[in-house]
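K.L.:
predicted model follows, preceded by the sequence.
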Amino acid sequence: MKYKLIALDLDGTLNTDEKTITPKTRDALLRAQQQGLIIALCSARPVPGLYKDMKTLELEKHHGILIAYNGGKILRAEDKEILHQQIFSRGLAIEVLKHLKRYPVTPIIDDGERFYVTDKNGYKVQHECWNNQMECMEVPSLTDCLNFDLVKILMSVRPEELWDILPEVSKPFEDDLVFVRTAPFYIEAMPKGLNKAEGLRRTCELLHISPEQVIAFGDAENDLEMIRFSGRGVAMGNACDALKEAADEITLTNNEDGIAHSLERLL
């Protein structure tokens with residue numbers, strides 16, 4: 001079957017460890033679009049965090065799709081029209097933020113334009129702002145400033161503590177929310193049923209594309225559903241073990257043009 005859509009995770013997949021797209025990978029993806037394939041950037045990042053790679057890959061010229069917040073918001077690259085959005089209950093978000101005060105985590109929330117934190121010097125706060133090219137505002141209380149809709153709650157936590165903390169912070173909310181490790185130092189809380197595969201499924205419905213016509217690339221736990229959903233799921237050489245086991249193939253690492261290596265054969 002002819003492939004019609006390429007779904008790309010960003011960090012650890014499309015981006016090298018230096019947060020760049022290599023010329024070889026960029027050229028391979030531009031050629032794919034010239035052949036008529038659509039590219040969907042699928043990331044846990046807020047929407048502004050996708051703009052740099054969107055421009056590098058010229059998605060605005062080729063009807064590309066932006067799937068942000070692990071599937072929580074879907075937009076057309078060309079005009080930024082929101083095609084779908086799923087938000088947190090405001091009351092539930094406040095409950096989670098109050099609960100997190102008991103643990104050594106740094107909550108980071110955003111309104112789609114800027115981040116809000118109680119400590120600008122908190123663990124990985126500046127990293128997140130730089131990575132997404134978004135302003136950061138320090139406030140006395142996240143619950144008091146929450147007068148906007150949330151798609152997710154991000155928590156930064158030291159890698160050596162993450163796996164011990166994850167079940168503790170998630171347990172009281174397991175009926176309504178899913179807590180996912182999205183990086184060695186990040187946990188994200190999202191509405192249950194929200195994941196990249198669901199975002200990709202909605203995108204496929206809008207574009208009249210079947211899952212079998214999708215190639216998906218990823219490296220982390222939050223890419224698992226997307227890899228399983230797609231007709232061809234590709235794990236990067238640097239991917240976690242669970243993703244490698246679920247994938248149809250394992251390519252080279254994000255620093256070795258793994259995407260280009262696979263596309264040269266698949267297309």
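P.N.:
Happy to help now that I have it.
K.L.:
skipping its backbone neighbours, what lies nearest Gly193 in space?
P.N.:
Among residues not flanking Gly193 along the chain, Val178 sits closest, at 7.8 Å (C-beta to C-beta, 6 or more residues apart in numbering). The way it works is simple: take the backbone N, C-alpha and C, and place the C-beta from them, glycine included.
K.L.:
state the distance from that neighbour to Trp130.
P.N.:
Distance of Val178 to Trp130, given as C-beta to C-beta, to the nearest Å: 27 Å.
K.L.:
more neighbours: which of the two?
P.N.:
Counted by other C-beta atoms under 10 Å, Val178 and Trp130 do not tie: Val178 has more neighbours, with 17 against 11.
K.L.:
output the below-cut-off pLDDT ranges for the chain.
P.N.:
1 (pLDDT under 70).
K.L.:
all helices of it, in order?
P.N.:
Secondary structure of the chain, counting by DSSP state H: helices at 23-34, 51-56, 90-100, 125-132, 142-145, 159-170, 196-207, 224-229, 241-246, 258-266.
K.L.:
buried stuff in the second one?
P.N.:
Buried residues in helix 51-56, counted by 16 or more other C-beta atoms under 10 Å: 51-54.
K.L.:
my read is that Leu75 contacts Gln85, right?
P.N.:
No: counting by C-beta atoms under 8 Å, Gln85 is not a contact partner of Leu75; they are 9.0 Å apart.
K.L.:
of the two, who's got more company?
P.N.:
Leu75 (21 against 14).
K.L.:
next one: the more buried one from Ala242, what distance?
P.N.:
Distance, Leu75 to Ala242, using C-beta to C-beta: 29 Å.
K.L.:
with Asp27 instead?
P.N.:
Asp27 sits 31 Å away from Ala242, taking C-beta to C-beta as the criterion.
K.L.:
Ile21 now?
P.N.:
Between Ile21 and Ala242 the computed distance is 25 Å (C-beta to C-beta).
K.L.:
circling back: and of the helices of the chain, who's closest to Glu113?
P.N.:
helix 125-132 (10.6 Å; C-beta to C-beta).
K.L.:
got a list of contacts for that closest one?
P.N.:
Outside helix 125-132, the residues that touch it by C-beta atoms under 8 Å, 6 or more residues apart in numbering are 11, 19, 45-46, 48-49, 106, 108, 115, 117, 119-120, 135-136, 154, 156.
K.L.:
just stretch 17-34 next, same as before
P.N.:
For stretch 17-34, contacts defined as C-beta under 8 Å, 6+ apart pick out 6, 8, 11, 14-16, 39, 53, 56-59, 61-62, 64, 131, 254-255, 257, 259-260, 263-264, 267.
K.L.:
can you say which of the residues you listed are buried?
P.N.:
Using 16+ other C-beta under 10 Å, the buried members of these are 6, 8, 11, 14-16, 39, 53, 57-59, 62, 64, 131, 254-255, 257, 259-260, 263.
K.L.:
let's see which of those end up in strands.
P.N.:
Residues of the buried ones among the contacts of stretch 17-34 located in strands (DSSP state E): 6, 8, 39.
K.L.:
just the closest of the buried residues of helix 51-56 to Leu142, please.
P.N.:
Tyr51 (25.0 Å).
K.L.:
distance of the nearest residue to the closest one once chain neighbours are set aside from Phe148?
P.N.:
Nearest residue to Tyr51, sequence neighbours excluded (C-beta to C-beta, 6+ apart): Gln133, at 7.2 Å. Counting by C-beta to C-beta, the gap from Gln133 to Phe148 is 19 Å.
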